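Colleague: Kindly return the folded structure for what I paste below:
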Amino acid sequence: MSITIPPQELWWLTRFFSGKNQLSWQSIESGQVATADLDRVIPWIKLINSPVIDRPLVLPLYGSNGPIAWYGMAIDDQMFCQLIDEINSFIGPSYSDFSGESWELSDTSEPELVLKERFGNRVIRFSSEKSNNYQKIDQSLSLYRDLLSRRPTIPDRTQRPFGKIRRDFDLALLAGNAKHAQEFLDELIDSGRVDAEQRKYLEVRFLAGLGRKEELARSQPLISSIQDLNLPRQTLVDVVDSLYEAYIRPIETNLNVDEIIAGFKQNISRSFGSLFKDRKGIRHATVLRAFLLFELVKDEPNVKRCDSILTAYPESAEGRNLIDRWVGLLQEKANDKPTVIEITPLESARQAIADEDYVTASQLCFELLPQYWAYSTLLRCAAELNSIDVNRKVFEVLDAIPEDVLARFSSKDHSRFESLRLAIAQSSNSSEIDSDWIGWAQEVANGVTLTSAIAVLDENVTKWSIDDYSNDNDRCNKLAQLIGNAIGEQEEIYRQAFPYLVEFFIERQSQSSRAFTPIYLNLIKSLGWSGALSPDELEIASSLVHALFATGPDLPVYQESIEDLCEIISANNSPIHLDWALNASELLVLYPAQDGGKLRLQFFSKVLSIVSSFPHRVTATQRDVLEFLAKDYGCFNILESLPPPSDNEIDSHKHAIATEFTGLIGIYTLTEGAGQRAKLILQKYFPGVRVETNNDGVATDRLVSLAKNADVFVFAWKSSKHQAYYCVKDSRKERGIIMPSGKGTASIVKSALDGIAFR
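Modeller: Residues are numbered from 1 along each chain as shown. Alright, predicted model coming up:
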């Protein structure tokens, strides 16, 4: 059979043409059946030629003497209604027994079971009791099929707003949901508002946001195609950070700095040197270290740029000891030269402007006053930073500017001066002087528009340092207060800014900071007030709770966070969210109960209400996870009070684990309890299987051995360390890693079963 079928559709086609269907897939593929039979089937299969089925399908069920029935199917309700109307028109009761209703599919017939798995209840079945009508049905279906093949795809005239799609894309990345992220990426591209360059930037964000940094770093064609462009700051962060993590992180603690520099030169600067033209004011720690190494690689390092990088690097930031040691090497090299040129503040300020590091430039310019260049540059810094703090400091200086200097101002200088004067007047009612997130939040409180507020974040959030907040309780409390007091349009701005806040305060941190506690709490509360949430928002809620509990909150904060979590599950009381609810229940028992356990038991009771309300929707795996959790919560007999699983559910579960799998399953997770529960459940399903768990924070011989030998390897990446990921990736080679979106037992077991089924 010389047609191409999308891989995601092949699985159900092969199973439909098996079992009770006496026309097998093997015979269709090989062409070893009658020509009439091929003509009856192949044209329908050829309609499945795109990633998404966009037309109704009709396929025959064969007996020993030919077709005995036909099944019609559709992937959505609109297409299914179309199918019913058109089958009624082309065939109807004249030639068949079709009643115009969906068919109740059997779980004991392989062809019908697989249709149920793929299309749900959007399936019809029809046949004819009169043998002479079969030829007429064949002819009518042939006409119908020809019509479908010529029918153009109906354009989607209800396209979602671009900003909404982009927000969903960012949320999917934060939740680690690769499937959703890919769908939203495709939707962004299909919108027609993404050009070739922007598509590449989105592909970079997709890989970096899902933690696939090594894959991005080794995508040389992708990086090479964009490195000479004027990259957005976020894209530059994603690419440089990924290159650093893949090639330098494993060797950055090497005491022999020359080996680090040699590795940087060979793997990064030689091929991607043009990425390091401008730093654009970015203050990510790994990006700063990469830019410093790029200078050290040179025969004649730009000492002014190195000094600017050192000034921008926070004292408390991760890797500060490394950058001090590397700068020391630079100084040693300079001391070996007969003449050492002293770097003046003016040269350092000019270099900071060249790097678009306006924070450092403004600090240096205050030292250079009363030079004209310093006044002019301060105006530029104020315009670029748009910070209340900087604005007021610059205005105080310019308000007392000498007349001879003012006379030298250009028209652009005067325009910036007037804009600064207006900004100061507008912020005169604000008593707080600050910058970064707080400056932005105060602008929101002053009435900035949604579009302007998000545009500021797009432009500036990569310039802000997480370390400015991680050790400043007052600053974090102030930001949390501004978020918590938002109402009306301000509240909507914070909802749209939610992905930026989560990325900054969760994803940028290697570990939770106690100073962030009020921010975590307000972000959880904002989800609790939002009503129905997407699956990705629910996963982010779990990440926020995990980060909050890791700080060791006091009793009032603990109580408030679980009350908000109860609000979330009450608003999302649906069987589709049961896996998340089970994972969240597991998360709560991992940490001490500050109130003795009453509130978390209240949350668990809401989980049980979902199970009680929809017992027919609960899978056997979910019941097994629930059994373990019931012991954790002291509800030992809780399963006895629940309705037993239906026969259909039991049969479906037996089918899912019917394989004779006896290999080795490897599970990597830092949530040790979830790994152990998953191990026990998988051993229950597959008595001959070996399951090994690992929670090593770095690359160890034990982890490498498990990664090499496991037939199926589940890597709970949302609770992992990057050092462990890279060693697993290298060890697995082409065999792949299964990466569940959640950290809990339910997510791990489901991913492992999917991996076994794929094998």
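Colleague: The residue nearest to Pro56 when sequence neighbours are not counted: neighbour count?
Modeller: In this structure, Pro56 finds its nearest non-sequential neighbour in Leu83, 3.9 Å apart by C-beta to C-beta, 6 or more residues apart in numbering. Placement of C-beta: from N, CA and C, glycine included. Leu83: 23 surrounding residues under other C-beta atoms under 10 Å.
Colleague: gap between Leu188 and Asp195?
Modeller: Distance, Leu188 to Asp195, using C-beta to C-beta, to the nearest Å: 12 Å.
Colleague: Which of these two has more residues huddled nearby?
Modeller: Leu188 (19 against 9).
Colleague: tell me the phi and psi of that one?
Modeller: phi -60, psi -40 (degrees, to the nearest 10).
Colleague: Check what pLDDT it gets.
Modeller: Predicted confidence (pLDDT) for Leu188: 94.
Colleague: begin at 233 from here
Modeller: Yep, numbering from 233; the last one is Leu420 now.
Colleague: if we can go back for a sec, now for the residue nearest to Pro288: which residues touch it?
Modeller: If you count contacts by C-beta atoms under 8 Å, 6 or more residues apart in numbering, Leu315 has them with Pro288, Gly304, Met305, Ala306, Ile356.
Colleague: What are the phi and psi values at it?
Modeller: Torsion angles, degrees, to the nearest 10, at Leu315: phi -60, psi -50.
Colleague: Gln371 and Gln314: what is the separation?
Modeller: From Gln371 over to Gln314 (counting by C-beta to C-beta), the distance is 21 Å.
Colleague: correction: Arg521
Modeller: Counting by C-beta to C-beta, the gap from Arg521 to Gln314 is 58 Å.
Colleague: before we move on, what about Tyr958?
Modeller: 50 Å.
Colleague: Pro299: what secondary structure?
Modeller: Secondary structure assignment for Pro299 (DSSP: H, G, I helix; E, B strand; the rest coil): strand.
Colleague: give the contact list for it.
Modeller: Contacts of Pro299 (C-beta under 8 Å, 6+ apart): Arg272, Pro292, Leu293, Tyr366, Asp370.
Colleague: at 7 Å instead, please
Modeller: Pro292, Leu293, Tyr366 (C-beta atoms under 7 Å, 6 or more residues apart in numbering).
Colleague: Hmm, the last one is touching Ser359, no?
Modeller: I take that to be Tyr366. No: under the criterion of C-beta atoms under 7 Å, Tyr366 makes no contact with Ser359, lying 8.6 Å away.
Colleague: out of the contacts of Leu315, who has the most neighbours?
Modeller: Gly304 (25 neighbours).
Colleague: Dump the helix or strand hosting it to PDB, restricted to CA.
Modeller: Using DSSP states H and E, Gly304 maps to strand 298-305. Below are the C-alpha coordinates for strand 298-305, written out as PDB (Å, rounded to 0.1, in the frame of the first residue of the first chain):
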ATOM      1  CA  GLY A 298     -17.400  -9.700   2.300                       C
ATOM      2  CA  PRO A 299     -18.700  -6.600   4.100                       C
ATOM      3  CA  ILE A 300     -21.400  -7.300   6.700                       C
ATOM      4  CA  ALA A 301     -21.600  -3.700   8.200                       C
ATOM      5  CA  TRP A 302     -20.000  -0.300   8.000                       C
ATOM      6  CA  TYR A 303     -18.900   2.100  10.700                       C
ATOM      7  CA  GLY A 304     -19.000   5.900  10.300                       C
ATOM      8  CA  MET A 305     -16.900   8.000  12.700                       C
END
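Colleague: Could you give the number of residues near Asp317?
Modeller: Using other C-beta under 10 Å: Asp317 sits among 11 other residues.
Colleague: give me the beta-bridge partners of the closest residue to Leu373 other than its chain neighbours?
Modeller: Nearest non-adjacent residue to Leu373, counting by C-beta to C-beta, 6+ apart: Val290, 5.8 Å away. Beta-bridge partners for Val290, by DSSP bridges, are Gly304.
Colleague: what's the burial count for Val290?
Modeller: Neighbours of Val290 (other C-beta under 10 Å): 22.
Colleague: got a list of what it touches?
Modeller: With C-beta under 7 Å, 6+ apart, Val290 has these contacts: Trp276, Trp302, Gly304, Leu373.
Colleague: Select from those the one having the most neighbours.
Modeller: Gly304 (25 neighbours).
Colleague: Quick one: residues contacting that residue.
Modeller: With C-beta under 7 Å, 6+ apart, Gly304 has these contacts: Pro288, Leu289, Val290, Leu315, Ile319, Val355, Ile356.
Colleague: now, among those, which is nearest to Lys536?
Modeller: Leu289 (66.8 Å; C-beta to C-beta).
Colleague: Give me the neighbour count for that closest one.
Modeller: Around Leu289 there are 21 residues (other C-beta under 10 Å).
Colleague: Isn't it up against Met305?
Modeller: Yes: counting by C-beta under 7 Å, Leu289 does reach Met305; the two are 5.3 Å apart.
Colleague: which residues in this protein form strands?
Modeller: Counting by DSSP state E, the chain has strands at residues 289-295, 298-305, 355-358, 896-900, 922-926, 944-947.
Colleague: Touching, Phe627 and Ile656? I think so.
Modeller: Yes: using C-beta under 7 Å, Phe627 makes contact with Ile656 at a distance of 5.1 Å.
Colleague: what touches both of those two?
Modeller: By C-beta under 7 Å, 6+ apart, no residue touches both Phe627 and Ile656.
Colleague: quick one on the thing from earlier: so how far is the strand holding Gly304 off the chain centroid?
Modeller: Distance, stretch centre to chain centre, for strand 298-305: 42 Å (C-alpha atoms, centre = their mean, to the nearest Å).
Colleague: Kindly report the same for stretch 281-300.
Modeller: On C-alpha atoms, centre = their mean, the centre of stretch 281-300 falls 36 Å from the chain's centre.
Colleague: Just the terminal-to-terminal distance for it.
Modeller: 27 Å (C-alpha to C-alpha, to the nearest Å).
Colleague: swap in stretch 484-503?
Modeller: End residues of stretch 484-503 are separated by 20 Å (C-alpha to C-alpha).
Colleague: and that stretch, which residues are buried?
Modeller: Glu484, Val489, Ile492, Ile493, Gly495, Phe496, Lys497, Asn499, Ile500, Ser501 (16 or more other C-beta atoms under 10 Å).
Colleague: same check, this time on stretch 779-794
Modeller: Ala779, Leu780, Phe781, Thr783, Pro785, Val789, Tyr790, Glu792, Ser793, Ile794.
Colleague: I'd like to know how far the second one sits from Ala984.
Modeller: Counting by C-beta to C-beta, the gap between Leu780 and Ala984 amounts to 29 Å.
Colleague: Check the last one too.
Modeller: Using C-beta to C-beta, one obtains 30 Å as the distance from Ile794 to Ala984.
Colleague: okay, now Gln367: neighbour count?
Modeller: 11.
Colleague: Please parse the chain into its domains.
Modeller: Taking automatic domain parsing as the reference, the chain has its domains at 239-382, 396-658, 696-877, 889-990.
Colleague: Closest to the centroid, which residue in this protein?
Modeller: Leu405 (1.3 Å; C-alpha atoms, centre = their mean).
Colleague: Return the residues in contact with it.
Modeller: Ala413, Gly441, Leu442.
Colleague: if we can go back for a sec, mark which of the buried residues of stretch 484-503 are part of helices, please.
Modeller: Val489, Ile492, Ile493, Gly495, Phe496 (DSSP state H).
Colleague: sorry, back to before: kindly state which of the domains of the chain is positioned closest to Ala685.
Modeller: Counting by C-beta to C-beta, and looking across all of the domains of the chain, nearest comes domain 696-877 at 4.9 Å.
Colleague: Could you pull up the mean pLDDT of the closest one?
Modeller: The model assigns domain 696-877 a mean pLDDT of 89.
Colleague: So what's the gap between that domain and the chain middle?
Modeller: 18 Å.
Colleague: do stretch 329-337 as well
Modeller: For stretch 329-337, the distance to the chain centre is 41 Å (C-alpha atoms, centre = their mean).
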